[in-house]
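# Turn this into a structure:
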Amino acid sequence: MPQTLAEKLISMHARSDVRAGELTVVKVDFAYMQDWTGPLTVDKIYELGGPLAKDPSHAAVFIDHASPSSFKEVSTGHIKLRDYAGKSGCRLFDIGEGVSHLVLGEKVTSPGMLMVGADSHTCQGGALGAFSTGMGSTDVAVAISSGETWMMCPEATRVEVTGKLPDGVYAKDVILYLIGLIGADGATYQSLEFIGDTIDGLSIPGRVTLTSMAVEAGAKCGLCQSDAHTMDWLKENNREADYRDIKHEPGAKYVRVVNIDATKLVPMVSFPHTVDNTRPITHPDCKDVPIQQAYLGSTTNGYYEDMEAAARVLKGRHVAPGTRLVITPGTKKVYRRMMETGLFGIFLDAGGVINSPGCGACPGSHAGILGDGENCVASINRNFKGRMGNPNSFVYLASPALVAASAVEGKLADPRRYA
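Below you'll find the predicted structure:
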């Protein structure tokens, strides 16, 4: 019987074929923690009293949310994480290495893997054909200590996207449109499985944007099949031996099919304070919305391709008076490439400020926190009240190109004028 991608990947790690709705124990290929939830994960590992890590080569500790630390309490938590990594032998990705999911996308995540992390955006790994999902600190502690975890196989929604994306429209617009269409709870505990010639044409960074934000629709994971783009990405990161065919199977049972005509999409904006509160940039609500901060980077749009899209808009231009531009590369590799290819110069000449690689202001823990009453347009993944560190501010979500265009104009702006 044909399987969804979720059923296939979970079955590969269980003791039998698994179908949607079934509970099972699975082998975990890789588990990781980060510095906001990691200290609790470490406490739970010690409480378990078993191995500090079943296989240290298959687990990692990331210091990415406050990198480097901005508060003494956070610094103390970092000490605990470094100490645990040293004792357990787990790999430590310390300050400046970048966002956990993005770094793993370069170094570890591969088609066919099953991964868990103590962070909701762990689902990003589905861009490379891995079943990757976020779990609570205790569950991740068990996974690291035992090498296994339990889960219920999710039902799946098939998202079929067809047609060529118009100029100035990006993967971020696809996912914002989808979330606006089905709602923030439209895929609760489901697998969002992306298919169609539009998806086939997306690079891995584009697919990362889709799968990373699957959780904003309530999904347990977002998944794409592996293909030539996957192989190209693995080759670029010297990991072509990690390639594995993970394909959609015709006839698999989906609880819902959502069809999107990419040719009709326009740049999208998610208004405060929910991700599904979306508008096309042409909507009257988007007219003359002033922007005090434009923010590039985070888990969802932190790869080089995202920065390059913004740089094309910003080249030869300057941010508007009264608007500041903050850039946070997703990984050290992205940071270095930005230096080597001239993107640093474009951003600096435009009046931007470049942070060290990491999560930055996205979770409200580092450089770029907003003031009372300020509006920020950002390429991050969430805009809940207080998300960027201040419950009295307002966060609008958009593609890197729309963020850059808005920085230039000092208000929400259509990036197609700069395409």
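
# Tell me how many other residues crowd the closest residue to V395 other than its chain neighbours.
The spatial neighbour of V395 that comes closest, neighbours along the chain excluded (Cβ to Cβ, 6 or more residues apart in numbering), is N383 at 3.9 Å. The C-beta positions use only the backbone N, C-alpha and C, and glycine is treated the same way. N383 has 24 neighbours, counted by other Cβ atoms under 10 Å.

# max-length helix in this structure?
For the chain, the longest helix by residue count, based on DSSP state H, is helix 72-88.

# packing partners for that helix?
Packing partners of helix 72-88 (3 or more Cβ pairs under 8 Å, 6 or more residues apart in numbering; DSSP states H and E): helix 38-48, strand 59-62, strand 91-93.

# pretty sure K247 belongs to a strand, no?
No - looking at K247 with DSSP: H, G, I helix; E, B strand; the rest coil, it is coil, so not inside a strand.

# That one is in contact with Q225, isn't it?
Yes - using Cβ atoms under 8 Å, K247 is in contact with Q225, at 4.9 Å.

# Could you chop this structure up by domain?
The chain breaks down by automatic domain parsing into domains covering 5-260, 268-418.

# Is I144 in a helix, a strand, or coil?
helix.

# Just give me the neighbour total for it.
Neighbours of I144 using other Cβ under 10 Å come to 35.

# list the buried ones in stretch 34-41?
34-41 (16 or more other Cβ atoms under 10 Å).

# With stretch 122-137 instead?
When burial is assessed from 16+ other Cβ under 10 Å, stretch 122-137 yields the following buried residues: 122-135, 137.

# end-to-end on it?
One end of stretch 122-137 sits 13 Å from the other (Cα to Cα, to the nearest Å).

# just to revisit the earlier point, out of the buried residues of stretch 122-137, which is nearest to A6?
Taking Cβ to Cβ as the measure, A6 lies nearest F131 of the buried residues of stretch 122-137, at 6.5 Å.

# residues of the longest strand seen in the chain that come out buried?
In the chain, assigned by DSSP state E, the strand with the most residues is strand 155-162. Using 16+ other Cβ under 10 Å as the test for burial, strand 155-162 gives 155-161.

# which pair in these spans the largest distance?
The most widely separated members of those, counting by Cβ to Cβ, are E155 and V161 (19.8 Å).

# want to try CSV for the domains of the chain, with mean pLDDT as columns?
Output for the domains of the chain, formatted as CSV (pLDDT from 0 to 100):
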stretch, mean pLDDT
domain 5-260, 95
domain 268-418, 93
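
# now the strands for the stretch 301-419 of the chain?
Here the stretch 301-419 of the chain has its strands, by DSSP state E, counting those that start in this stretch, at 324-328, 352-354, 375-378, 394-397.

# Dihedrals phi and psi, A31?
Here is the backbone geometry of A31 (degrees, to the nearest 10): phi -140, psi 150.

# any idea how far it is from H65?
A31 sits 18 Å away from H65, going by Cβ to Cβ, to the nearest Å.

# Give me the more crowded residue out of those two.
Higher neighbour count among A31 and H65: A31, with 30 against 25, using other Cβ under 10 Å.

# Give the burial count for R382, as a bare number.
Neighbour tally, R382, other Cβ under 10 Å: 23.

# Test my guess that it contacts V275.
Yes - counting by Cβ under 8 Å, R382 touches V275, with 6.3 Å between them.

# Need the residues touching each of those two.
With contacts taken as Cβ atoms under 8 Å, 6 or more residues apart in numbering, R382 and V275 have 216, 397 as neighbours in common.

# thinking again about what came up before, mind putting the buried residues of stretch 34-41 in a markdown table, distance to D261 included?
Shown next, in a markdown table, are those (distance: Cβ to Cβ, whole Å):
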| residue | distance to D261 |
| --- | --- |
| Q34 | 37 |
| D35 | 42 |
| W36 | 39 |
| T37 | 39 |
| G38 | 42 |
| P39 | 46 |
| L40 | 44 |
| T41 | 43 |
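
# Out of those residues, which is nearest to Q293?
Once Cβ to Cβ is applied, the member of the buried residues of stretch 34-41 that ends up nearest Q293 is W36, at 22.2 Å.
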